Each structure stands twice: as structure tokens, then as C-alpha cells.
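Q: What shape does this take:
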Amino acid sequence: MSNGYSKTPEALARLSQIQFRVTQEDGTEPPFQNAYWDNHEAGIYVDVVSGEPLFSSTDKYDSGTGWPSFTKPLAPEAVRTEVDRSHRMIRTEARSAVADSHLGHVFDDGPREAGGQRYCMNSAALRFIPVDRLAAEGYGDYLSLFDTSTTDAEEGQR
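A: So this is what the prediction gives:
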């Protein structure tokens, strides 16, 4: 499944301090003070470590939590879950399948009409690739998720 995506020492060396803390040490960034919580641009979100495609803006919604939230991953096998018993609670942790990056947590309070899941992710675990950069960055297969006939001005009004 790796499709050329991997976790390398070079990729880890490029991470910022917060990216490393979140993805490699299971950290959490502050709500409302991260790159993508309020991003409304069309595109996909990939693992900051491996580049593995994880989420689409078409499945992103405003959960009011201050972190980017999605109803589902791009592919079920891209994100694996496991039980997290840290901080005196039991939660479902989300990790990227290829690089094993800590991404965030999954909750059962998402939009019911979209399956009821909330993938509450850390921006620091993700890299956003806008639609107009997908092909250039090797993610052209995902262009079909988006109606590229609309203009950027129209997209910004949605």
C-alpha cells in the first residue's frame, strides 16, 4: 500500500519541533492556533512525514473544536486506529498507516448524515496540497474529487 510513501530519517529531520512532537511523540497542538483549523480551501491533506494522502477538504467540516475535523479518511486503510489510554481517559487514536504518525483522535460525535465520525486531527501532522497543486506534486489521481470547473473566487464564497 505504500505507493512510494515512507518514513525516512530525512523526512523526520525536516519536521519542525511541533510537527515532531505531534507525529513522533503523540503530542497535541493548541486549538484555534494551528494551520488548518479554519482552512476552507479545496485540496487534500497528506501525512507531513511520508506524504501519504489522508484526508480531503470535501470531507472537512467545522466541528467548533479548533482543530481540522473530517468525517472520514480518503481511504479507510490510510488511517488506522488504536486505543489510547493516556491522560486518564480512553480515546480512539488515529495514526497514519504508512509512517505510523500520530494524527489525532476519532470521536463518535461527527455529522450523523456523514457517518457520525469526527476525525479530529492536528494540523502539525498534516500538509495541505491545494487543488491547483495536486498534479504538480504527484497527486493528480485526486483531482477527480473536486469540481475544477469552478473558479477560485467561487470556491472562496462557499
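
Q: Can you get me a residue count around Ala125?
A: 32 (other C-beta atoms under 10 Å). Glycine gets a C-beta too; all of them are placed from N, C-alpha and C.

Q: For the nearest residue to it once chain neighbours are set aside, give its distance to Thr8.
A: In this structure, Ala125 finds its nearest non-sequential neighbour in Leu103, 4.6 Å apart by C-beta to C-beta, 6 or more residues apart in numbering. Leu103 is 18 Å from Thr8, where distance means C-beta to C-beta, to the nearest Å.

Q: show me the contacts for the residue nearest to Ala125.
A: Contact partners of Leu103, counting by C-beta atoms under 8 Å, 6 or more residues apart in numbering, are Thr23, Asp47, Leu54, Val79, Ala94, Arg95, Ser96, Tyr119, Met121, Asn122, Ala125, Leu126.

Q: Which secondary structure state is assigned to the residue nearest to Glu137 when sequence neighbours are not counted?
A: Spatial nearest neighbour of Glu137, chain neighbours left out: Ile129 (5.5 Å); criterion: C-beta to C-beta, 6+ apart. Using DSSP: H, G, I helix; E, B strand; the rest coil, the structure places Ile129 in strand.
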